[in-house]
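> Attaching a predicted model along with its sequence, questions to come.
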Amino acid sequence: MDNPNSFLALPKLEVLIDRTPLIVTPDTSIVDAIALMSQTQGSSCVLIVREANLIGIFTERDALKAVASQIDLRMAIAQVMTSSLITQVLEREQTIFTVLSTLQQHKISHLPILNETGNLIGLVTPTRLLQAIAIADVPEATIQECSAELSHLNAQIKQEIKKHRQTESEIADFIENAVVPLHWVAEDSTIIWANQAELDLLGYTKEEYIGQPIAKFHVDSEILSDILQRLATHQPVKGYEARLRCKDGSIRHALIDSNTFWKDGKFIHTRCFTRDISERKQAEESLRESEQKFRAIFDGTFQFIGLLTTEGIVIEANLTALNSIGAKRSEIIGRPFWETPWWTHSPQLQEQLKKGIIRAAAGELVRFEAEHFLVDGTSIFVDFSLKPVFDEAGKVVMLIPEGRDISERQAALRERKQAEIVFKKTLKSLEFQKSALDRAAIVAITDRYGVITYVNEQFCQISQYSKEELLGKPIESLIQAIILSNFFKIFGQRSRVVRFGKARLKIAPKMAVFIGSRDHCSIFRRSRHTLSISSHSL
């Protein structure tokens, strides 16, 4: 027989409130919250509190959604929590059935209970309420009289319990088989649990890893000591770089994220996440070596070179360029190129440079010559260029300014131009002298073998040969022919000397002496009607 006084046996609502629910701060990571729920029996949610104010809730259902969406579980829980909260203010006349009705109405499984000032008292769940009803042995008919929907709510709660158990199983599987390495360390620094990803990272089996001192696997003892000291004093560790020793003897670089699970003020274990950054470290080392090589080449070249943005802002400049103006890198980087000391001496050059930067940013190679002043006040001439740098898509991403000192070349060019001017003047003078000489003298020029290479018009007239007939002929035989054919005209004239290259013809009233280029001479003597010739060695 139903007991009409069974309702009197129901406990008060305030007794059924869980006054120690799981509470985290907004910056707690999702994975930390999931781990906390999995470690606390009967907990299926965490409440997010900031400065004693309830701002959100994160349930097992939210955890499954986060895992399924493959978001970064290291992000703050505040980014995924439910902030539109359904809460209940605790009042004296409220009963268990009032709260059950609220849960049914909003289709929720967790109801935060607040006091009159809005501060959090605790949390109630359908499971806890139904257990109280069952203990009170309230007849089913009586329950139905109190709430026509209670049977439906009961079925829903049972389904929620089933889902809760399934969720717990899935979360446990997620943690065990997560791609992120995880492990727990006890207060005595012994590893008490590790997931498969942690074991795979270092190459150990569970038997070889779990139960061992964590120090056995850390290369740098001082780093491990610092990590453990922080965790023992309620300080979370984020992004702490460490080196871990693998089973095969190799070293893995890792980032450690960890905090401590405390219960009733007692250190239970750490919650450590290990991120393998070995490839990143190797890439950083390769990049560092590349940068060193680049810097050695960049600063070692004798040419002026730098890097600019497409807007003309200085990104980099080598030592050769900096030393030329006595500037430090920090004084130049970040400034518009045309406002640096290389260009400020000339507004015209500054304007030319600005236009050149626009053209280079459009993909054109720009080149012009410019005069620059060094730190000691001297000037140099520079062959300057702006070369665009393209990315894989063909977009200009930066500019390379480069300058080559061409001062010596410019000086040589000036000297050459000056020499050309002097040469032209000299040539003009020689041409004038030649013209005057051609008009006043008999001139023949031979090579060292006595072969004629040049004759003037006077020589042609005297010899009665054309230039074509004379050039390339031996001067000695030609002179003899000239004397023989003209001896009556030659002799009887006043004494004189006629030169033919290295040869000389000395003429007297009755005798002519030809001194050739091969160390001998011919003597021509004239009688009244005859000409006698004799040869002599010199």
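Received it, and whenever you're ready, just let me know what you need. This structure is a prediction, so every number in the text was calculated from the model and none was measured.
> Would you mind splitting this structure into its domains for me?
For the chain, automatic domain parsing gives the domain ranges 6-175, 182-281, 303-405, 441-537.
> Let's have those in TSV, adding distance to Glu415.
Where you see a C-beta, it was placed from the backbone N, CA and C, and this is true even at glycine. Shown next, in TSV, are the domains of the chain (distance: least, C-beta to C-beta, whole Å):
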stretch	distance to Glu415
domain 6-175	70
domain 182-281	58
domain 303-405	14
domain 441-537	31
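> And those: which comes nearest Phe423?
Nearest of the domains of the chain to Phe423, taken as C-beta to C-beta: domain 441-537 at 20.1 Å.
> So, low pLDDT: which residues of the stretch 151-300 of the chain?
Counting by pLDDT under 70, the ranges of the stretch 151-300 of the chain that qualify are 151-158, 160-161, 163-165, 167-168, 171.
> Which residue ranges of it form helices?
Counting by DSSP state H, counting those that start in this stretch, the stretch 151-300 of the chain has helices at residues 196-202, 206-209, 221-232, 278-300.
> now, of those, which is deepest in the fold?
helix 196-202 (a mean of 18; mean count of other C-beta atoms under 10 Å).
> If you rank every helix and strand of this structure by mean pLDDT, what lands last?
None of the helices or strands of the chain scores lower by mean pLDDT, DSSP states H and E than strand 531-537, at a mean of 46.
> Tell me where the stretch 351-500 of the chain is predicted with low confidence.
Applying pLDDT under 70 to the stretch 351-500 of the chain flags residues 410-411, 433-443, 462, 477, 479-500.
> Mind jotting down where the strands sit in it?
366-373, 379-390, 396-405, 444-446, 452-455, 496-500 (DSSP state E, counting those that start in this stretch).
> and of those, who's closest to Phe337?
Evaluated over these, closeness to Phe337 peaks at strand 396-405, with 6.7 Å, by C-beta to C-beta.
> His234 - how many residues pack around it?
Neighbour count of His234, defined by other C-beta atoms under 10 Å: 10.
> So for it, what's the nearest residue that isn't a sequence neighbour?
Sequence neighbours aside, Thr260 is the residue nearest to His234 in space, at 6.9 Å (criterion: C-beta to C-beta, 6 or more residues apart in numbering).
> Tell me who's in contact with that neighbour.
Residues in contact with Thr260 (C-beta atoms under 8 Å, 6 or more residues apart in numbering) are 231-232, 234, 267-271.
> how about a cut-off of 10 Å?
Applying C-beta atoms under 10 Å, 6 or more residues apart in numbering to Thr260 gives the contacts 185, 187, 228, 230-237, 267-272.
> go on, Ala186?
Counting by C-beta under 10 Å, 6+ apart, Ala186 makes contact with 192-193, 211, 214, 267-270.
> closest to Thr25 among these?
For the contacts of Ala186, the residue nearest Thr25 by C-beta to C-beta is Thr270; the value is 17.9 Å.
> which residues does the nearest residue to the closest one once chain neighbours are set aside bridge with?
Using C-beta to C-beta, 6+ apart and skipping the chain neighbours, the partner closest in space to Thr270 is Val185 (4.4 Å). As for beta bridges, Val185 partners with Ile191 under DSSP bridges.
> Val185 is in contact with Glu198, isn't it?
No. Under the criterion of C-beta atoms under 10 Å, Val185 makes no contact with Glu198, lying 11.5 Å away.
> Is it possible to get the helices of the stretch 151-300 of the chain out as CSV so that each row also shows distance to Ala327?
Compiled in CSV, the helices of the stretch 151-300 of the chain are given as follows (distance: least, C-beta to C-beta, whole Å):
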stretch, distance to Ala327
helix 196-202, 49
helix 206-209, 57
helix 221-232, 41
helix 278-300, 14
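> Which one, of the ones you listed, ends up nearest to Asn53?
Nearest to Asn53 among those is helix 221-232 (27.7 Å), distances taken as C-beta to C-beta.
> Need the CA coordinates for that closest one. PDB is fine.
Extracted in PDB, the C-alpha atoms of helix 221-232 (Å, rounded to 0.1, in the frame of the first residue of the first chain):
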ATOM      1  CA  SER A 221      68.600  17.400 -14.800                       C
ATOM      2  CA  GLU A 222      68.500  21.100 -13.900                       C
ATOM      3  CA  ILE A 223      65.600  21.700 -16.300                       C
ATOM      4  CA  LEU A 224      63.600  18.800 -14.900                       C
ATOM      5  CA  SER A 225      64.300  20.100 -11.300                       C
ATOM      6  CA  ASP A 226      62.900  23.500 -12.200                       C
ATOM      7  CA  ILE A 227      59.800  21.900 -13.800                       C
ATOM      8  CA  LEU A 228      59.000  19.700 -10.800                       C
ATOM      9  CA  GLN A 229      59.700  22.600  -8.400                       C
ATOM     10  CA  ARG A 230      57.200  24.800 -10.200                       C
ATOM     11  CA  LEU A 231      54.500  22.100 -10.200                       C
ATOM     12  CA  ALA A 232      55.000  21.400  -6.500                       C
END
